[in-house]
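Colleague: Provide a 3D model corresponding to the input given below.
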Amino acid sequence: MRIARSILMLGAGLLPALSLHLSADVTPPAGFTALFNGKDLQGWWGASTEDPRKWMALSPEDLAAKKKSSLEDINQHWSVENEELVNDGNGLYLTTEQNFRDYELVLEYKTVAGADSGIYLKGCPQVQIWDTTEAGGKWNIGADKGSGGLWNNSAGAPGKDPLVLADKPFGEWNKVRVIQVGSRTWVWLNNQLVVDGAIMENYFDRKLPIPPIGPIQLQTHGGEIRWRNVFLREIATEEANRLLRGQDPAGFELVFNGRNLTGWEGAVDGYTAQNGVLACKAHSGGTLYTKAEYGDFVARLEFKLPPYGNNGLAIRYPGSGDSAYAGMTELQVLDNSHPEYAHLDPRQYHGSAYGMVAAHRGFLRPVGEWNYQEVTVKGHTLKVELNGTVILDCDLSKVTEFKGNDAHPGKDLLQGHFGFAGHSSPVEFRNIAIRKLD
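Modeller: Next comes the predicted model:
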């Protein structure tokens with residue numbers, strides 16, 4: 001399982017949280033901060049089930065007014081008793097003022113028969129909380145399977161149904177632990193893994209990923225629910241990449257040895273190899289590609305962009321010609337944030353199948369940080385997952401419109417080399433591994 005590989009790599013700082021015992025004490029564990037101070041609702045406002053992208057797009061003045069107007073409803077339905085957040089089963093959902101990107105969240109909740117609640121992540125529904133009894137009346141929509149699943153994922157999608165039923169009886173406190181990196185989500189309920197690294201879908205628009213950042217929301221309806229010990233730890237880049245990469249290579253072969261360009265051909269003079277990093281030389285580049293050829297495969301790697309950085313992943317490259325046209329495609333590796341790139345064709349931004357299909361934007365880490373990317377190539381299809389979020393999922397055989405009306409004669413290739421298409425920028429790569437699927 002994905003999490004079993006990942007957790008082993010996180011070190012002593014995270015492992016204790018697997019069996020963390022929480023009591024009614026708002027002193028957070030080491031490395032965590034308390035989202036609820038045990039005394040009042042400072043740091044929270046109210047929102048309903050609404051697309052967070054819409055209120056995030058408001059002006060600062062309009063957003064402040066929206067938050068202020070929500071407090072009347074919040075104060076009507078929420079209270080604090082004995083260092084516990086209490087909701088009467090009605091009203092807006094308690095929403096953090098702060099937005100989060102990659103994080104570990106732990107909390108406890110206790111609810112009553114008939115209640116139906118959840119935890120919204122980045123403003124999106126939800127880690128489900130059920131009345132799991134038959135008397136609760138919702139076995140027909142999955143309550144019999146237990147709480148903790150990403151219930152708003154599509155039917156049959158990973159994570160929608162929890163792996164085990166781990167709920168405690170009414171009147172007892174349930175402990176929830178969530179790790180979310182990008183859209184990748186792990187959930188434990190009462191120390192049992194119930195969601196194992198599933199992609200959380202965007203309830204508001206399934207064609208889009210969930211936002212890169214957003215608030216935690218405590219959803220409430222149908223009956224009283226109490227919350228306590230609401231703690232969060234933000235996950236830094238290196239740890240996030242280790243989680244996504246996992247420990248067990250599971251069939252992946254390192255294709256870059258970290259020392260030299262053994263196993264590579266093409267523009268070997270345009271790149272350097274040292275200290276585990278493959279880098280394109282400034283004012284140089286060209287297409288560097290593996291001696292081996294691949295049909296269907298998954299490639300994992302990390303990359304770091306300098307300002308104005310520009311490179312690309314050559315997919316099924318034939319060994320000569322422009323990788324964007326002669327090969328199946330060139331997947332862009334680009335500093336989307338640079339003002340010089342502000343007016344590109346959408347099919348030229350990071351992760352895009354160059355000139356053919358545009359990737360979703362907004363999921364790169366800041367320039368100078370390492371990004372994790374996974375590319376899956378099957379037949380004519382491509383999937384690109386960047387920092388835990390799927391930014392491209394397409395079938396090139398269905399593409400009929402091209403940037404500049406320039407045809408891509410190689411787009412239907414079913415085999416070729418994997419490589420890097422340097423464009424004079426010192427973009428760096430490391431931990432480059434490929435798993436064959438055929």
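Colleague: So for the protein, the centremost residue is which one?
Modeller: residue 182 (1.8 Å; C-alpha atoms, centre = their mean).
Colleague: how about it, what does it touch?
Modeller: 102, 209, 212, 244, 363, 385, 386, 387, 388, 389 (C-beta atoms under 8 Å, 6 or more residues apart in numbering). To be clear about C-beta, it is placed using only N, CA and C from the backbone, and glycine gets the same treatment.
Colleague: now with 6 Å?
Modeller: Counting by C-beta atoms under 6 Å, 6 or more residues apart in numbering, residue 182 touches 387, 388, 389.
Colleague: Adding distance to residue 191, write these out as JSON lines.
Modeller: Formatted as JSON lines, the contacts of residue 182 follow (distance: C-beta to C-beta, whole Å):
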{"residue": "387", "distance to residue 191": "28"}
{"residue": "388", "distance to residue 191": "24"}
{"residue": "389", "distance to residue 191": "28"}
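Colleague: Which of the residues you listed fall within strands?
Modeller: Counting by DSSP state E, the part of those found in strands is residue 389.
Colleague: Filter the contacts of residue 182 down to the buried ones.
Modeller: Those of those that meet the buried threshold are 387, 388, 389, by 16 or more other C-beta atoms under 10 Å.
Colleague: circling back: per-residue confidence at the residue nearest to the centre of the chain?
Modeller: We note a pLDDT of 98 for residue 182 in this prediction.
Colleague: what do you get for residue 295?
Modeller: pLDDT for residue 295: 98.
Colleague: Hmm, residue 437 and it touching each other?
Modeller: No. Using C-beta atoms under 6 Å, residue 295 is not in contact with residue 437; the gap is 7.7 Å.
Colleague: Helices of the stretch 51-200 of the chain, start to end?
Modeller: Counting by DSSP state H, counting those that start in this stretch, the stretch 51-200 of the chain has helices at residues 52-56, 60-77.
Colleague: which regions of the stretch 301-438 of the chain lie under the pLDDT threshold?
Modeller: Within the stretch 301-438 of the chain, not a single segment meets pLDDT under 70.
Colleague: Tell me the strands beside the helix or strand harbouring residue 313, with direction?
Modeller: Per DSSP states H and E: residue 313 is located in strand 310-317. When pairs are called by DSSP bridges, strand 310-317 turns out to pair with strand 329-334 (antiparallel), strand 416-423 (antiparallel).
Colleague: Minimum distance to residue 426: which of the helices of the stretch 51-200 of the chain has it?
Modeller: Smallest distance to residue 426 across the helices of the stretch 51-200 of the chain (C-beta to C-beta): 33.6 Å, for helix 52-56.
Colleague: what comes up buried for that closest one?
Modeller: So for helix 52-56, counting by 16+ other C-beta under 10 Å, buried means 52, 53, 55.
Colleague: Show the average pLDDT along that helix.
Modeller: Taken as a whole, helix 52-56 carries a mean pLDDT of 96.
Colleague: Repeat that for stretch 80-98.
Modeller: Rounded mean pLDDT across stretch 80-98 is 96.
Colleague: Identify each buried residue in that stretch, please.
Modeller: 84, 85, 86, 87, 89, 91, 92, 93, 94, 95, 96.
Colleague: Tell me which two in those residues are the farthest apart.
Modeller: Greatest spacing in the buried residues of stretch 80-98, by C-beta to C-beta: 89 and 96 (20.7 Å).
Colleague: wait, is residue 269 part of a helix?
Modeller: Yes. Counting by DSSP: H, G, I helix; E, B strand; the rest coil, residue 269 is located in a helix.
Colleague: Neighbours of it, how many?
Modeller: Around residue 269 sit 12 other residues, with neighbours defined as other C-beta atoms under 10 Å.
Colleague: which residue packs closest to it, ignoring adjacent ones?
Modeller: Once flanking residues are discounted, residue 269 sits nearest to residue 284: 7.4 Å by C-beta to C-beta, 6 or more residues apart in numbering.
Colleague: how close does the one you found sit to residue 266?
Modeller: 13 Å (C-beta to C-beta, to the nearest Å).
Colleague: Comparing these two, which residue is more hemmed in?
Modeller: A side-by-side neighbour count of residue 284 and residue 266, using other C-beta under 10 Å, places residue 266 first with 23 against 16.
Colleague: ok, now which ones touch that one?
Modeller: When contacts are taken as C-beta under 6 Å, 6+ apart, residue 266 is in contact with 287, 288, 289.
Colleague: mind listing what's buried in the helix or strand that contains the last one?
Modeller: Going back to what we said before, that points to residue 289. Assigned by DSSP H and E, residue 289 belongs to strand 285-294. Neighbour-count burial for strand 285-294, counted by 16+ other C-beta under 10 Å, picks out 285, 286, 287, 288, 289, 290, 294.
Colleague: related to what we said a few turns ago, now, of the strands paired with strand 310-317, which is deepest in the fold?
Modeller: Of the strands paired with strand 310-317, the one with the most neighbours on average (mean count of other C-beta atoms under 10 Å) is strand 329-334, at a mean of 27.
Colleague: and that strand, how far out from the chain's middle?
Modeller: 20 Å (C-alpha atoms, centre = their mean, to the nearest Å).
Colleague: that older thread, starting from the strand holding residue 313, tell me the next helix or strand along the chain.
Modeller: Going down the chain from strand 310-317, the next helix or strand is helix 323-326, by DSSP H and E.
Colleague: Just the buried positions in that following helix, please.
Modeller: Those buried within helix 323-326 under the rule 16+ other C-beta under 10 Å are 323, 324, 325, 326.
Colleague: Outline the domain layout of this protein.
Modeller: Domain assignment for the chain by automatic domain parsing gives 2-242, 251-436.
Colleague: can you tell me how far residue 52 sits from residue 126?
Modeller: To residue 126, residue 52 is 13 Å away according to C-beta to C-beta.
Colleague: should've said residue 267
Modeller: According to C-beta to C-beta, residue 267 and residue 126 sit 48 Å apart.
Colleague: repeat for residue 258
Modeller: From residue 258 across to residue 126, the span is 42 Å (C-beta to C-beta).
Colleague: Give me the more crowded residue out of those two.
Modeller: Taking other C-beta under 10 Å, residue 258 and residue 126 do not tie; residue 126 has more neighbours (21 against 14).
Colleague: isn't that one right up against residue 118?
Modeller: Yes. Using C-beta under 6 Å, residue 126 is in contact with residue 118, at 3.6 Å.
Colleague: what's the overlap in contacts for those two?
Modeller: Counting by C-beta under 6 Å, 6+ apart, nothing touches both residue 126 and residue 118.
Colleague: which ones are touching residue 31?
Modeller: residue 233.
Colleague: so is it in a helix, a strand, or just coil?
Modeller: From three-state DSSP, the assignment for residue 31 is coil.
Colleague: pLDDT value on it, please?
Modeller: According to the prediction, residue 31 has pLDDT 95.
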